[in-house]
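Asks: One predicted model, sequence on top.
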Amino acid sequence: MLLATFKLCAGSSYRHVRNMKGLRHQAVLAISQELTRRALREPAPSVWANQVRRRSSLLGSRLEESLYSDQELAYIQQGEEAMQKALGILSDQEGWKKESQQANGDKVLSKVVPDVGKVFRLEVVVEQPMNRLYEELVDRMETMGEWNPNIKELKVLQKIGKDTVITHELAAEAAGNLVGPRDFVSVRCAKRRGSTCVLAGMATHFRDMPEQKGVIRAEQRPTCMVLHPLAGSPTKTKLTWLLSIDLKAGRVCDRVEMSRAERHQ
């Protein structure tokens, strides 16, 4: 689930943001420092991907369709598809380029995926047990704006079953206001299998949350977090975070500010 602090890395979609020193370093540090302040052996992604693919084929038999509307079933399916797609990207070890790495081993990788675009992969160890991290990211997601300066507000628009939610997120302006206000409407899916948690999501359409005046509706491409207790250290969590978003640089002022920034590089 998904998204907030690591959007600093996704700012690389803009050339002027990509060249700003320290953004990726902030992204690596923020997820550990901020969640730790709130008191909060990575598994092989390919194993999880295979499990999800097998289970998604049983979607119809697992759900009693009488309990859900056609639209709700479509959202559930979309969440499953986002998880499959994101885990498939993580399971492909070819083509990753190192963007940055810290002395403690935390690192950011990236690559370009056909039909998706540029994706980022953050690998960190969080100094908190997995259950507490899961609680903060899933059960308490609406409070994320309290500790994450990159989110003004996050609301759950609809909860479907025990695994799927539709959310609206208003992102804070970034990079000295060079990137204007954005919001995101996403379907999010959370799965727990033994000691592993996967949180996935992607952009969706929600009739009751139309585009807001003065805010650009950006889109989250398939993304996910994989959480697993660190081998030998159950009080720590290995977090692998895949992210790719389309910021929709459509406003005239965005293009003007981008041009100004590029001229001063």
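Replies: Yes, it's here. This structure is a prediction, so every number in the text was calculated from the model and none was measured. Numbers count the residues shown, from 1 in each chain.
Asks: Show me the shaky parts of the stretch 51-200 of the chain.
Replies: Scanning the stretch 51-200 of the chain with the threshold set as pLDDT under 70 gives 51-66, 174-179.
Asks: in stretch 193-206, what's buried?
Replies: For stretch 193-206, a neighbour-count test (16 or more other Cβ atoms under 10 Å) marks 196-204, 206 as buried. C-beta here means a position set from N, CA and C on the backbone, and glycine is covered the same way.
Asks: Please enumerate the strands of the stretch 151-265 of the chain.
Replies: Under the criterion DSSP state E, counting those that start in this stretch, the stretch 151-265 of the chain carries strands at the ranges 151-160, 164-171, 182-193, 196-203, 216-217, 219-220, 223-230, 233-243, 245-246.
Asks: list the buried ones in stretch 105-122?
Replies: Those would be 106-110, 113, 118-122, for stretch 105-122 by 16+ other Cβ under 10 Å.
Asks: and it, C-alpha only, in CSV?
Replies: C-alpha atoms of stretch 105-122 as CSV (Å, rounded to 0.1, in the frame of the first residue of the first chain):
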residue,chain,number,x,y,z
GLY,A,105,22.7,-1.6,2.6
ASP,A,106,19.5,0.3,2.0
LYS,A,107,19.3,1.0,-1.8
VAL,A,108,17.1,2.2,-4.6
LEU,A,109,17.1,0.5,-8.0
SER,A,110,15.3,1.3,-11.2
LYS,A,111,14.5,0.0,-14.6
VAL,A,112,12.1,0.6,-17.5
VAL,A,113,9.4,-1.9,-18.0
PRO,A,114,7.5,-2.2,-21.3
ASP,A,115,3.9,-1.0,-21.1
VAL,A,116,4.5,0.4,-17.6
GLY,A,117,7.4,2.8,-17.8
LYS,A,118,10.1,3.6,-15.3
VAL,A,119,9.8,1.7,-12.0
PHE,A,120,11.7,2.1,-8.8
ARG,A,121,12.6,-0.5,-6.2
LEU,A,122,13.5,0.5,-2.7
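Asks: ok so, going back, adding distance to K97, write the strands of the stretch 151-265 of the chain out as a markdown table.
Replies: Output for those, formatted as a markdown table (distance: least, Cβ to Cβ, whole Å):
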| stretch | distance to K97 |
| --- | --- |
| strand 151-160 | 28 |
| strand 164-171 | 26 |
| strand 182-193 | 26 |
| strand 196-203 | 23 |
| strand 216-217 | 28 |
| strand 219-220 | 22 |
| strand 223-230 | 18 |
| strand 233-243 | 14 |
| strand 245-246 | 18 |
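Asks: out of the ones you listed, which comes closest to E94?
Replies: strand 233-243 (15.0 Å; Cβ to Cβ).
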